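1. heads up, no residue letters with this:
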Ligand code: XMP
């Protein structure tokens, strides 16, 4: 394992992901972790991340000064390198000229850390401070036009520093450098594979759960599906999967999901058909936040009913992923047992607390994984692409894609329009290029003409967006012919719709969903 000491860089997680791409396991821990604690983790290497501070700032985060003496190879990145230089007696000052963006790396020593890294390769820089004097025993491995110490090493002690960010995609020689560190300097073997993960997860689930019963809320996404598969493989019928059909999923999705689990995976699913109670819960509600609140609340109630009817259960299975673990390091830990407990269902509704008598202990076998790793595991266990590659879908589903009041009639219209959007996007082969592609129903009517008949019906909005992470997004420049086909089909095939419009608003200022 490689441990990353996090000094607050936006890239710490990315470093962990890059290391894992070399099939070596990697974890992010706080910079406050002591040398003794690090030793207990028994890593083969340590990476000090970048960070927003200057090492000479008052209160700038420091690491335990004993870590240099552990005999474990260390790579400092940006702030991490400056800290290494500073703590070991070199000097770091504010640079006359900061260096931001691409820089050409001029290599002075093409061995060791820089083996196979091309002279002149582009590396991504982002620093206002520079190292001006090296600590004793260190040498310069590479420089750039602006920085005399772009990469440094104490070969004997296996201490290394780079001023640039090898983890970002713009650093072309970055992966070669990371591989050198991981394989040659730290002597790691590429053993972090999907198969190894699955075996270990199953062992851990068995050891933790013993002969107790586990409840799992299946949603149809890749996380809960993968979770269900792993748990079922580990503990068989001690697992109960509940799927609550609120009536807001896409056309045929609930039936397909349940069929897939029962028939292909032979995992029984409690299919709770709760459409009526959810529709009743939001009858007449037009405010989007109130709609969300009521749906979330109803979900907890439906889940509680199912749990009482099928229980008792000792554990709740949650699809917590590694980024959630990093974010909420010490929250929700039972002070007596040290175990993580659920006070909330981490459903995709992000809704409020569980009732007191329903607080479960947690089993979270995906907690070491990033999202792309969950997808890999999902694929390896045979989940179909429609689940593994599924575009994000909000927990309250179609209910927030119908503006104003949600009725069965409107749901029916939106399900049909949405199906046409999906079919045509798939036919066009661009499903995986888009972050999301969906239809929205507006609660207004406009005039149209069909045959000799005047119509007065709903408009459908097409929302097709590209995005990296959902935080920002752009409307997708898809071919006019595709828009035309979707529009024609919706107006001709979906009764109650006479107009289709295309949303050409980016986020910001628009959001992706209309709500
Ligand atoms: P907005 O509309 O805020 O959405 O631009 C950003 C992304 O978040 C998704 N979204 C949700 N995902 N539960 C989820 O798991 C939710 O309640 C929820 N609401 C919005 C949205 O689809 C988009 O990808």
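-> Okay, I see it. No experiment lies behind these values; they were computed from the predicted model shown.
2. the spatially most central residue of the chain: what's its closest spatial neighbour, skipping adjacent residues?
-> Here the mean C-alpha position of the chain is nearest to the C-alpha of residue 371 (C-alpha atoms, centre = their mean), at a distance of 4.3 Å. Leaving aside its sequence neighbours, residue 371 sits nearest to residue 321 (C-beta to C-beta, 6 or more residues apart in numbering; 6.2 Å). Yep, even glycine has a C-beta here, placed from its N, CA and C like the rest.
3. can you tell me how far the one you found is from the ligand?
-> Computed as C-beta to the nearest ligand atom, to the nearest Å, the residue 321 to the ligand distance reads 12 Å.
4. residues contacting that residue?
-> Residue 321 makes contact with 223, 366-367, 369-371, 374, according to C-beta atoms under 8 Å, 6 or more residues apart in numbering.
5. repeat for residue 237
-> residue 268.
6. now residue 162
-> Taking C-beta under 8 Å, 6+ apart, we find residue 162 in contact with 75-78, 81, 113, 123, 150-152, 177.
7. same question for residue 20.
-> By C-beta under 8 Å, 6+ apart, the contact list for residue 20 reads 26, 192, 370, 373.
8. ok, now how distant is it from residue 223?
-> Distance, residue 20 to residue 223, using C-beta to C-beta, to the nearest Å: 18 Å.
9. residue 45 too?
-> From residue 45 across to residue 223, the span is 30 Å (C-beta to C-beta).
10. ok, those two, which is more surrounded?
-> A direct count of neighbours by other C-beta atoms under 10 Å for residue 45 and residue 223 places residue 45 higher, at 23 against 20.
11. the more buried one against residue 75, yeah?
-> Yes: if you go by C-beta atoms under 8 Å, residue 45 and residue 75 touch, sitting 7.0 Å apart.
12. mutual contacts of the two, please.
-> Joint contacts of residue 45 and residue 75 (C-beta under 8 Å, 6+ apart) are 181, 185.
13. sorry, back to before: from residue 198, how far off is the residue nearest to the centre of the chain?
-> 17 Å.
14. do residue 469 as well
-> Taken as C-beta to C-beta, the span from residue 469 to residue 198 is 27 Å.
15. neighbour-wise, which of these two wins?
-> Under the neighbour definition other C-beta under 10 Å, residue 469 and residue 198 were set side by side, and residue 198 has more, 19 against 7.
16. and the more buried one, its phi and psi?
-> The phi and psi values for residue 198, taken as degrees, to the nearest 10, are phi -60, psi -50.
17. from here on, call the first residue 244.
-> Renumbered: residue one is now 244, and that last one reads residue 441.
18. check contacts around it.
-> Residue 441 makes contact with 473, 476, 620, 623-624, according to C-beta under 8 Å, 6+ apart.
19. any idea of the pLDDT on it?
-> Model confidence at residue 441, given as pLDDT, is 95.
20. and for residue 484?
-> Note for residue 484: predicted pLDDT of 97.
21. please name the bridge partners of it.
-> Counting by DSSP bridges, residue 484 is bridged to residue 459, residue 512.
22. test my guess that residue 601 contacts residue 547.
-> Yes: checked against C-beta under 8 Å, the pair residue 601 and residue 547 is within contact range at 5.8 Å.
23. more crowded one of the two?
-> Between residue 601 and residue 547, counting by other C-beta under 10 Å, residue 601 is the more crowded of the two (19 against 16).
24. can you count the residues close to residue 367?
-> When neighbours are counted by other C-beta under 10 Å, residue 367 registers 21.
25. now swap in residue 277 and tell me
-> Per other C-beta under 10 Å, the neighbour tally for residue 277 reads 12.
26. likewise residue 556?
-> 20.
27. just give the closest residue to it, not the sequence neighbours.
-> That would be residue 458: by C-beta to C-beta, 6+ apart, it lies 4.2 Å from residue 556.
28. surely the one you found touches residue 483?
-> Yes: Residue 458 lies in contact with residue 483 (C-beta under 8 Å); the separation is 5.4 Å.
29. so what sits against both of those two?
-> By C-beta under 8 Å, 6+ apart, the residues touching both residue 458 and residue 483 are 553, 556.
30. so these two - more neighbours on which side?
-> Higher neighbour count among residue 458 and residue 483: residue 458, with 23 against 19, using other C-beta under 10 Å.
31. which ones are touching that one?
-> Per C-beta under 8 Å, 6+ apart, neighbours of residue 458: 483, 485, 550, 553-554, 556, 558-560, 603.
32. cool, and residue 616?
-> So residue 616 contacts 263, 437, 440 (C-beta under 8 Å, 6+ apart).
33. same thing but 7 Å
-> Under the criterion of C-beta atoms under 7 Å, 6 or more residues apart in numbering, the neighbours of residue 616 are residue 263.
34. assumed it was part of a helix.
-> Yes: under DSSP: H, G, I helix; E, B strand; the rest coil, residue 616 sits within a helix.
35. report the separation between it and the ligand.
-> 19 Å.
36. point me to the residue of the stretch 344-493 of the chain nearest the ligand.
-> Going by C-beta to the nearest ligand atom, the ligand is nearest to residue 464 of the stretch 344-493 of the chain, at 8.2 Å.
37. neighbours of the spatially closest residue to that residue that is not a sequence neighbour, how many?
-> Computed as C-beta to C-beta, 6+ apart, the closest residue to residue 464 that is not its neighbour in sequence is residue 633, at 6.4 Å. For residue 633, the neighbour count with other C-beta under 10 Å is 17.
38. assign a three-state SS to residue 633, would you?
-> coil.
39. flag every buried residue along stretch 742-756.
-> 742-743, 750, 755-756 (16 or more other C-beta atoms under 10 Å).
40. just stretch 479-488 next, same as before
-> Under 16+ other C-beta under 10 Å, the buried positions of stretch 479-488 are 481-488.
41. do the same with stretch 529-541
-> Of the residues in stretch 529-541, 531, 534-539, 541 count as buried by neighbour count, 16+ other C-beta under 10 Å.
42. in a markdown table: the buried residues of stretch 479-488, plus distance to the ligand.
-> Putting those into a markdown table (distance: C-beta to the nearest ligand atom, whole Å) gives the following:
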| residue | distance to the ligand |
| --- | --- |
| 481 | 28 |
| 482 | 23 |
| 483 | 23 |
| 484 | 19 |
| 485 | 18 |
| 486 | 16 |
| 487 | 15 |
| 488 | 17 |
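43. greatest separation within those residues: which pair is it?
-> 481 and 488 (24.1 Å; C-beta to C-beta).
44. for residue 686, phi and psi?
-> According to degrees, to the nearest 10, residue 686 has phi -90, psi 40.
45. helix, strand or coil: sort out the residue lying closest to it once chain neighbours are set aside for me.
-> Of all residues beyond its chain neighbours, the one nearest residue 686 is residue 647 (3.2 Å), with distances taken as C-beta to C-beta, 6+ apart. At residue 647 the chain is in coil, as set by three-state DSSP.
46. residue 285 and the ligand: what is the separation?
-> For residue 285, the distance to the ligand - C-beta to the nearest ligand atom - is 37 Å.
47. what number of residues lie near that residue?
-> When neighbours are defined as other C-beta under 10 Å, residue 285 has 9 of them.
48. against residue 272, how distant is it?
-> Distance of residue 285 to residue 272, computed by C-beta to C-beta: 13 Å.
49. ok, residue 561 next?
-> 22 Å.
50. quick one: the helices in the stretch 594-743 of the chain, in order.
-> 614-623, 628-631, 651-670, 723-736 (DSSP state H, counting those that start in this stretch).
51. thanks a lot, catch you later.
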